[in-house]
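Colleague: fold the following.
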Amino acid sequence: MLRRTKIVTTLGPATDDINVLAAMVRAGADVVRVNFSHGQAEDHIRRIELVRQAAASVGRYVGILGDLRGPKIRIERFVEGRVELTEGDAFVLDVSLDPQAGTVRSVGVAYKDLPRDTRAGDVLLLNDGQIAVEVERVEGPRIHTRVRVGGELSDQKGINRQGGGLSADALTPKDREDVRIAAQIGVDYLAVSFARSAADINEARKLLRAAGGQGRIVAKIERAEALQNLGEIIEASDVVMVARGDLGVEMGYAELTGLQKTIIHETRNKSRVVITATQMMESMINSPVPTRAEVSDVANAVMDGTDAVMLSAETAAGKHPVKAVEAMVQVIGGAEKYHLTHTQLRHRVEGHFSHTDEAIAMAVMYTANHLKVGAIVALTESGSTPLWMSRIRSDIPIYAFTRHELTRRRVTLYRGVYPVPFDIPDNNREALYKAIFHLLLELKLVQVGDLVILTKGELTGVSGGTNSMQILKVTAD
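Modeller: From the prediction side, this is the model:
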């Protein structure tokens with residue numbers, strides 16, 4: 001049985017070797033993530049070129065996801081690099097302080113509007129929630145706090161406000177420049193960090209298109225405000241990422257699992273793609289095997305219906321990037337093997353379809369889940385029909401037959417969808433069937449006598465033109 005849930009891997013120093021990249025792709029990496037928070041444009045361009053060479057050497061299609069840094073709100077630096085904060089101590093966050101002059105009593109802040117966004121009684125969380133301070137008063141550029149949870153604090157750690165409420169724009173000047181680089185690289189997906197509303201997603205799409213990029217837009221859900229506007233953000237985006245790091249800090253770790261399930265459910269209901277990310281196999285940065293808790297975490301996301309699970313530092317900077325991918329593949333396989341995926345068709349049972357190809361996709365999946373079918377073949381230009389099909393849980397593989405390399409890379413993120421290069425020979429129906437059967441048999445995707453469902457449009461080359469489905473028996477002729 002083919003693995004349905006896809007794997008996103010992050011590039012970094014640990015992957016700066018084409019042999020490592022090729023091994024990762026061979027092991028099961030479907031999409032690679034370029035993190036614009038680290039490195040220069042030259043680094044990203046070089047790494048993507050290596051990925052494309054590695055994918056070609058392995059004979060697989062790999063999607064590329066560019067991840068914008070966003071307004072990561074951080075403290076500045078300490079004179080000695082780090083301090084130890086003790087519970088009950090006074091501590092000042094000072095946006096006017098010299099960026100290099102932090103001490104155990106005070107530290108600078110890069111985000112100059114922090115005093116405007118905070119008030120007495122607020123709890124600010126530092127270093128991914130490891131340290132908590134309560135605001136006692138705000139005096140001009142200085143926020144006077146009392147340490148509630150102490151610990152070691154080092155240079156440039158992040159700041160979150162418990163419950164959200166920081167007003168920093170989602171797209172910074174650096175992000176706008178990185179959008180241009182993303183378009184130059186030709187990313188298939190562009191992730192917007194700390195998105196608060198549909199407007200942030202729409203602006204990123206507009207900037208990418210203006211720069212010549214054709215990538216789809218990913219909304220990273222990591223702010224409390226994003227949860228308040230979740231419906232509109234999902235509608236505006238193509239993909240949603242459950243970014244559990246900052247989201248867990250702002251909302252509290254106890255809320256995280258329930259939020260993850262809700263976001264996955266709502267995203268799939270709106271026919272969008274969803275990625276689950278952050279600390280999925282964090283121990284494998286150093287360890288060659290994951291913990292049992294990490295195995296359970298990944299499996300839980302798979303059984304919730306996520307399209308993809310993501311590795312971050314595990315592959316970017318870890319000691320075992322290839323083993324991390326292999327471990328993810330094994331866990332996904334185990335979860336999919338024992339979890340029921342062939343379910344009643346409940347998706348979009350209410351309301352009306354707005355596109356003919358969406359209606360065809362739903363009809364295909366209903367038929368496929370009630371008939372012994374070996375495969376689904378979608379002749380597609382943009383990949384929209386296979387996307388809609390993949391919203392329905394099924395163990396039947398969906399093959400996106402397309403002549404467009406961009407579409408082949410795009411569908412690498414869709415759960416249960418696999419790209420196949422194919423150009424319609426002509427408008428002769430018999431010749432078309434013969435070519436499809438020949439390719440399916442050559443790739444050993446079906447056997448002679450299997451039933452397959454074919455979707456296509458009457459007009460070749462028209463995006464969104466799928467308007468028919470056929471049930472065919474594979475022949476050897």
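Colleague: going forward, measure contacts and count neighbours with C-alpha atoms only.
Modeller: Will do.
Colleague: what's the local residue count around Lys334?
Modeller: Check again: residue 334 is Gly, not Lys. Neighbour count for Gly334, taken as other Cα atoms under 10 Å: 15.
Colleague: how much space separates the residue found closest to it once you drop the neighbours it is linked to in the chain from Ala132?
Modeller: Leaving out its chain neighbours, the residue that sits closest to Gly334 by Cα to Cα, 6 or more residues apart in numbering is Ala299, at 7.8 Å. In this view, Ala299 and Ala132 are 31 Å apart by Cα to Cα, to the nearest Å.
Colleague: hang on, the earlier thing: so the residue nearest to Gly334 sits against Gln330, correct?
Modeller: No - Ala299 sits out of contact with Gln330 when judged by Cα atoms under 8 Å, with a separation of 10.0 Å.
Colleague: higher neighbour count, those two?
Modeller: Ala299 (21 against 15).
Colleague: so where does that one fall, helix or strand?
Modeller: helix 292-304 (DSSP states H and E).
Colleague: how long is stretch 284-294 from one end to the other?
Modeller: So stretch 284-294: terminal residues 10 Å apart, Cα to Cα.
Colleague: re earlier: residues contacting the residue nearest to Gly334?
Modeller: Ala299 makes contacts with 331-332, 334-335, as judged by Cα atoms under 8 Å, 6 or more residues apart in numbering.
Colleague: helix or strand with the lowest mean pLDDT in this protein?
Modeller: helix 356-368 (a mean of 87; mean pLDDT, DSSP states H and E).
Colleague: residue contacts, Leu125?
Modeller: So Leu125 contacts 131-133, 159-162, 249 (Cα under 8 Å, 6+ apart).
Colleague: distance to Leu451, secondary structure and pLDDT added to those, as a markdown table?
Modeller: Formatted as a markdown table, the contacts of Leu125 follow (distance: Cα to Cα, whole Å; DSSP: H, G, I helix; E, B strand; the rest coil; pLDDT from 0 to 100):
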| residue | distance to Leu451 | secondary structure | pLDDT |
| --- | --- | --- | --- |
| Ile131 | 59 | strand | 97 |
| Ala132 | 60 | strand | 97 |
| Val133 | 63 | strand | 98 |
| Ile159 | 56 | strand | 95 |
| Asn160 | 54 | strand | 94 |
| Arg161 | 56 | strand | 94 |
| Gln162 | 55 | coil | 93 |
| Val249 | 50 | helix | 92 |
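Colleague: and the furthest pair within these?
Modeller: With Cα to Cα as the measure, no two of the contacts of Leu125 lie farther apart than Val133 and Val249, at 13.3 Å.
Colleague: following the helix holding Ala299, which helix or strand comes up?
Modeller: Moving toward the C-terminus from helix 292-304, the next helix or strand (DSSP H and E) is strand 308-311.
Colleague: what residues does that following strand touch?
Modeller: Defining contact as Cα under 8 Å, 6+ apart, one finds that strand 308-311 is touched by 5-10, 274-281, 298, 301-302, 324-325, 413-415.
Colleague: residues making contact with the helix or strand following it?
Modeller: Later in the chain than strand 308-311, the nearest helix or strand by DSSP H and E is helix 313-316. Identification of contacts with helix 313-316 by Cα under 8 Å, 6+ apart yields 9-15, 281-285, 320-322, 324-325.
Colleague: repeat the analysis, applying 6 Å as the threshold.
Modeller: For helix 313-316, contacts defined as Cα atoms under 6 Å, 6 or more residues apart in numbering pick out 10-12, 14, 284-285, 321.
Colleague: then stretch 441-457?
Modeller: With Cα under 6 Å, 6+ apart, stretch 441-457 has contacts from 373-379, 440, 465-475.
Colleague: three-state assignment of Phe353?
Modeller: coil (DSSP: H, G, I helix; E, B strand; the rest coil).
Colleague: count of neighbours near Pro397?
Modeller: By the measure other Cα under 10 Å, the count of residues near Pro397 is 21.
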